[in-house]
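**Q** my questions are about this predicted structure, shown below with the sequence.
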Amino acid sequence: MLNYGPILAAMPRPAAVLDTRGEVPTFMGFSTSFLAELGLKAAAVQGRPLRDVFPPDASLLISDAIRRCQRSAKAAHASVTYRNGRSALQRDVLASPIGERSGGQILLTVEHARRDMFSKERRTLLDRLGPLNMGMVYVYDLAARRTRYVQKELLDLLEIPPAGIEFEAIRGRMHRHDVPAFIAHLAELAAMDDDAVSEATLRMRVRDGRWLSVRWRARVFARDANGAVSKIIGAATDVSEHYALSKALEAAGQALALAETVERRRVGRELHDATVQHLVAMDLSLTALERRISLHQEGSSALHDTRAALSAAQREIRTFSFMLHPPELEERGLPDTLRAFADGFARRTGLQISVDVVGRRRPLSSELELALFRVGQEALMNVHRHARARSIGVVLRYGVGDVSLQVEDDGVGLPEPSARSIGVGVNGMRDRMVQLDGRLSLEPGVVGLRVVAWAPASVTARSAHRARRPVSDMIDVLKAEPMQGIA
């Protein structure tokens with residue numbers, strides 16, 4: 001490790017070297033002018049993390065500059081304010097890479113703040129907007145209880161006058177079902193980590209009576225001397241069109257699923273009412289032919305094989321017909337429909353099938369019930385086709401916030417990893433579950449194969465982090481001062 005002491009002492013500006021290999025940047029060397037600049041003694045800096053040497057606000061901005069420096073391998077700049085005794089100092093801090101062999105070390109140099117057309121906050125604003133995917137920008141000062149900046153387009157979008165409106169007026173324009181999500185968003189803002197982003201989509205009513213879906217994304221902009229969040233920077237985006245397209249796509253998906261169900265039932269009825277009847281007629285004709293003529297041994301054997309093939313075809317088509325036209329899921333519910341289907345499938349295939357329901361039954365969305373039922377259908381058909389099994393156990397399990405379906409057989413299992421790609425059926429089952437934020441897995445069973453489909457039973461709200469400041473205080477802040485435009 002290099003001895004940076006003489007090098008730093010010779011530099012014209014206060015300088016220090018940080019070791020960035022650990023979880024947080026740590027001071028490993030500094031000049032005497034650096035100590036004088038901060039008004040600290042060597043013991044308060046040597047080996048200490050960055051956040052213990054600079055105040056929280058400045059530490060956050062310098063950490064950002066260090067990360068940009070590491071990503072680009074180029075110097076990165078941060079404008080900060082800190083105190084030396086009673087004096088508030090405005091400084092520019094430059095983070096520079098030392099070299100390829102430095103082992104994760106960064107050089108910090110401190111100089112007087114440049115006088116240019118941008119204030120410290122405006123320059124830092126540009127550095128902090130990246131993760132927010134842009135939008136209409138706002139900055140809220142929790143410490144001063146006022147907005148520092150609100151982009152004009154955002155005021156125009158919500159038809160807010162430049163003087164702003166108070167909290168109750170904002171809440172009055174918000175859809176009543178979105179108020180709890182708004183309260184949770186406030187709590188999360190007060191407790192966010194420096195690199196976290198809080199997001200909420202709220203429906204806001206504008207003057208002509210329309211509802212706009214506005215997505216709010218915010219992150220920490222600054223902290224006070226005690227480490228509490230003091231300023232929030234965010235971006236608001238009108239996503240009404242996106243939501244309308246999503247609803248249209250969802251409706252189209254539901255219509256496609258309904259059309260698929262109707263078509264499956266039509267094909268099932270056609271197979272049962274037409275194709276099977278033709279096969280039955282052929283079997284009767286062969287029986288009549290056998291009575292009318294005498295065949296030699298080879299002819300009798302061929303006729304026997306033909307009748308056996310016809311019987312097998314009849315059984316297979318009846319099974320497929322039952323698969324395509326099962327009991328009514330909407331009328332009977334998922335547990336009873338699974339049992340009825342399993343009973344019918346067992347009669348047609350000779351398999352022993354048991355269906356057990358574990359946990360307290362509760363209503364599920366029609367999409368989820370249909371997906372689980374189709375997975376059960378496909379899993380049973382795969383066992384019939386490939387597993388050479390004698391018995392199958394089906395378990396429908398209701399959890400606290402999820403539901404799962406398990407189908408396990410006593411067949412040959414999966415002898416090779418490549419067998420996990422059995423036809424298109426497995427991919428179809430997996431796609432159905434993924435569309436519902438679920439998953440499907442194939443696992444070795446006690447003897448054969450176990451297919452497990454899992455999905456959340458409902459969409460749960462994201463848990464809010466423990467707030468450093470009570471939510472009621474946050475609301476009082478919004479109530480106390482109206483929103484404003486450019487501060």
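**A** Perfect, thanks for sending it.
**Q** the stretch 101-250 of the chain: helices as residue ranges?
**A** Assigned by DSSP state H, counting those that start in this stretch, the helices in the stretch 101-250 of the chain fall at 120-128, 152-157, 167-173, 179-190, 240-270.
**Q** winner for burial among those?
**A** helix 179-190 (a mean of 18; mean count of other C-beta atoms under 10 Å). Every residue, glycine included, has its C-beta placed from N, CA and C.
**Q** ends of stretch 434-454, what's the gap?
**A** Start-to-end span of stretch 434-454 (C-alpha to C-alpha, to the nearest Å) is 9 Å.
**Q** please apply the same query to stretch 433-440.
**A** Using C-alpha to C-alpha, the end-to-end distance of stretch 433-440 comes to 7 Å.
**Q** which helices and strands does the strand or helix carrying Leu372 pack with?
**A** Using DSSP states H and E, Leu372 sits in helix 366-382. If you count contacts as 3 or more C-beta pairs under 8 Å, 6 or more residues apart in numbering; DSSP states H and E, helix 366-382 packs onto helix 240-270, helix 329-332, helix 334-349, strand 391-398, strand 402-409, helix 425-434, strand 449-456.
**Q** Throw those into CSV and include distance to Val139 and mean pLDDT, thanks.
**A** Output for those, formatted as CSV (distance: least, C-beta to C-beta, whole Å; pLDDT from 0 to 100):
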stretch, distance to Val139, mean pLDDT
helix 240-270, 24, 75
helix 329-332, 52, 73
helix 334-349, 50, 88
strand 391-398, 47, 94
strand 402-409, 40, 94
helix 425-434, 39, 82
strand 449-456, 36, 93
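**Q** can you redo the ones you listed as JSON lines with distance to Pro97?
**A** Shown next, in JSON lines, are the helices and strands packed on helix 366-382 (distance: least, C-beta to C-beta, whole Å):
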{"stretch": "helix 240-270", "distance to Pro97": "41"}
{"stretch": "helix 329-332", "distance to Pro97": "63"}
{"stretch": "helix 334-349", "distance to Pro97": "60"}
{"stretch": "strand 391-398", "distance to Pro97": "55"}
{"stretch": "strand 402-409", "distance to Pro97": "48"}
{"stretch": "helix 425-434", "distance to Pro97": "43"}
{"stretch": "strand 449-456", "distance to Pro97": "45"}
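**Q** closest one to Gly401 among the helices of the stretch 101-250 of the chain?
**A** Proximity to Gly401 (C-beta to C-beta) singles out helix 179-190 among the helices of the stretch 101-250 of the chain, at 17.8 Å.
**Q** same question for the closest one, mean pLDDT?
**A** Mean pLDDT, computed over helix 179-190, is 85.
**Q** again, but for stretch 374-382
**A** Mean predicted lDDT for stretch 374-382 stands at 88.
**Q** what residues does it touch?
**A** 323, 326, 338, 341-342, 345, 351, 353, 392, 394, 405, 407, 422-423, 425-426, 428-429, 432-433, 440, 451, 453 (C-beta atoms under 8 Å, 6 or more residues apart in numbering).
**Q** now swap in stretch 39-47 and tell me
**A** For stretch 39-47, the surrounding residues in contact (C-beta under 8 Å, 6+ apart) are Ala16, Thr26, Phe27, Met28, Phe30, Phe34, Leu35, Leu38, Asp52, Val53, Asn84, Gly85.
**Q** would you turn the helices of the stretch 101-250 of the chain into JSON lines with distance to Leu89?
**A** JSON lines is the format used below for those (distance: least, C-beta to C-beta, whole Å):
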{"stretch": "helix 120-128", "distance to Leu89": "12"}
{"stretch": "helix 152-157", "distance to Leu89": "33"}
{"stretch": "helix 167-173", "distance to Leu89": "36"}
{"stretch": "helix 179-190", "distance to Leu89": "29"}
{"stretch": "helix 240-270", "distance to Leu89": "46"}
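**Q** find the nearest non-adjacent residue to the residue nearest the centre of the chain, please.
**A** For the chain, the residue lying nearest the average C-alpha position, counting by C-alpha atoms, centre = their mean, turns out to be Asp437 (8.6 Å). Nearest non-adjacent residue to Asp437, counting by C-beta to C-beta, 6 or more residues apart in numbering: Pro456, 5.8 Å away.
**Q** repeat for Ala236
**A** Excluding its sequence neighbours, the residue lying closest to Ala236 (C-beta to C-beta, 6+ apart) is Met136, at 4.7 Å.
**Q** the helix or strand hosting Leu303 to helix 334-349, inter-axis angle?
**A** Using DSSP H and E, Leu303 sits within helix 297-324. Per axes from the mean of the first three to the mean of the last three C-alpha atoms, to 10 degrees, the angle that helix 297-324 makes with helix 334-349 is 180 degrees.
**Q** what's helix 297-324 packed up against?
**A** By 3+ C-beta pairs under 8 Å, 6+ apart, helix 297-324 packs against helix 240-270, helix 276-292, helix 334-349.
**Q** now tabulate the ones you listed in JSON lines and tack on distance to Gln151.
**A** Shown next, in JSON lines, are the helices and strands packed on helix 297-324 (distance: least, C-beta to C-beta, whole Å):
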{"stretch": "helix 240-270", "distance to Gln151": "18"}
{"stretch": "helix 276-292", "distance to Gln151": "69"}
{"stretch": "helix 334-349", "distance to Gln151": "49"}
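**Q** secondary structure class for the residue of the chain most remote from its centre?
**A** In the chain, counting by C-alpha atoms, centre = their mean, Ser294 sits farthest out from the average C-alpha position, at 72.4 Å. When classified by DSSP: H, G, I helix; E, B strand; the rest coil, Ser294 comes out as coil.
**Q** got a list of what it touches?
**A** Not one residue lies near Ser294 by C-beta under 8 Å, 6+ apart.
**Q** measure it to Ser300 for me?
**A** 9 Å (C-beta to C-beta, to the nearest Å).
**Q** what about Trp216, how many residues nearby?
**A** The tally of other residues near Trp216 (other C-beta atoms under 10 Å) stands at 19.
**Q** same check on the one 5 residues further on?
**A** Here the neighbour count serves as a burial measure; for Phe221 (other C-beta under 10 Å) it reads 24.
**Q** quick check: pLDDT value at it.
**A** On pLDDT, Phe221 comes in at 85.
**Q** just checking, it touches Val139?
**A** Yes - counting by C-beta atoms under 8 Å, Phe221 does reach Val139; the two are 6.3 Å apart.
**Q** report the set of residues contacting both of those two.
**A** Common neighbours of Phe221 and Val139 (criterion: C-beta under 8 Å, 6+ apart): Lys231, Ile232, Ile233.
**Q** pretty sure the second one sits against Leu189.
**A** So the one you mean is Ile232. Yes - between Ile232 and Leu189 there is a contact under C-beta under 8 Å: 5.6 Å.
**Q** what residues are shared contacts of those two?
**A** Joint contacts of Ile232 and Leu189 (C-beta under 8 Å, 6+ apart) are Ala218.
**Q** show me which strand runs longest in the chain.
**A** strand 211-223 (DSSP state E).
**Q** can I get that one in CSV, CA atoms only?
**A** Provided in CSV are the C-alpha atoms of strand 211-223 (Å, rounded to 0.1, in the frame of the first residue of the first chain):
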residue,chain,number,x,y,z
TRP,A,211,-59.6,10.9,-13.6
LEU,A,212,-55.9,10.9,-14.3
SER,A,213,-53.6,8.1,-13.1
VAL,A,214,-50.4,9.8,-11.9
ARG,A,215,-47.4,7.8,-11.0
TRP,A,216,-45.2,9.5,-8.3
ARG,A,217,-41.6,8.3,-7.9
ALA,A,218,-39.4,9.9,-5.2
ARG,A,219,-36.1,9.5,-3.5
VAL,A,220,-34.0,11.1,-0.8
PHE,A,221,-32.5,14.5,-1.8
ALA,A,222,-31.0,15.6,1.5
ARG,A,223,-30.9,14.7,5.2
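**Q** I'm done for today, thanks for sticking with me.
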